[in-house]
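**Q** Have a look; sequence and predicted model below, questions after that.
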Amino acid sequence: VMAEAAPFNYVNVTTILDAAKQSAAEHDGRALVVVLDHITDAGNLGAIARSAECVGASGIVIPNKRAARVTAATYKSSAGAIAHVPVAQVSNLVQTMSRLKEEGFWIAGATEHAKDLIWKSNLKGKIALVMGNEQEGISRLVMEHCDFLVKLPIEGEVASLNVAQAATACMYEWLRQNQ
């Protein structure tokens, strides 16, 4: 048996911003956009999409080069959630972050190098959560354009979590603070 599937239908950033406006109107001003800085594993993209859908994120932004694309592995690891979360491919993450700021978003970069724990950071309202590449984390240029940096507490010997696990923890902290 052979089947041909249509390519994934990426949206433009305006579609995600429109969804964020609707979310903010319906949920006391809260909206979440997840920005992925060159995540390379399609499975991680799917796991992040699943968590984003579960917390009610308005969408995911990914670069159009040197980053995972939505594939069959993404659908599998997202348990189908990728079909319910708008994903935008952009040519320039920093320009997109500037546009998010113009729309009233605060940009929170999640990095193990941050000084502040995420639990002590204000994630209320409209937040764009930036998650970095599996090996390098958030790039220097993208990090410089974040409004603030946060990290998860690590008590063990390993320095960081898998990006999908870390993204999930951060998204749920955003949801907790906005309940």
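**A** All right, it came through fine.

**Q** Identify the residue nearest the geometric centre of this protein.
**A** With distances taken as Cα atoms, centre = their mean, residue 34 lies nearest the centre of the chain, 2.1 Å away.

**Q** what pLDDT does it get?
**A** Residue 34 is assigned 98 on the pLDDT scale.

**Q** tell me the secondary structure for it?
**A** The three-state assignment at residue 34 reads strand, by DSSP: H, G, I helix; E, B strand; the rest coil.

**Q** helices or strands next to the lowest-mean-pLDDT helix or strand in the chain in the packing?
**A** Using mean pLDDT, DSSP states H and E, the weakest-scoring helix or strand in the chain turns out to be helix 72-78, at a mean of 91. Secondary-structure packing of helix 72-78 (3 or more Cβ pairs under 8 Å, 6 or more residues apart in numbering; DSSP states H and E): helix 42-55. Where you see a C-beta, it was placed from the backbone N, CA and C, and this is true even at glycine.

**Q** which is the next helix or strand following the helix it packs on?
**A** strand 59-63 (DSSP states H and E).

**Q** Export that next one to CSV, keeping only CA atoms.
**A** Taking Å, rounded to 0.1, in the frame of the first residue of the first chain, the C-alpha atoms of strand 59-63 are listed here in CSV:
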residue,chain,number,x,y,z
GLY,A,59,1.4,28.7,18.1
ILE,A,60,4.9,27.7,17.5
VAL,A,61,7.5,29.7,15.5
ILE,A,62,10.5,27.9,13.9
PRO,A,63,13.2,29.0,11.5
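
**Q** quick one: it to helix 42-55, angle?
**A** With axes from the mean of the first three to the mean of the last three Cα atoms, to 10 degrees defining the directions, strand 59-63 sits at 150 degrees from helix 42-55.

**Q** strands paired with strand 59-63, and their directions?
**A** The strands beside strand 59-63 in its sheet (DSSP bridges) come out as strand 31-37 (parallel), strand 87-90 (parallel).
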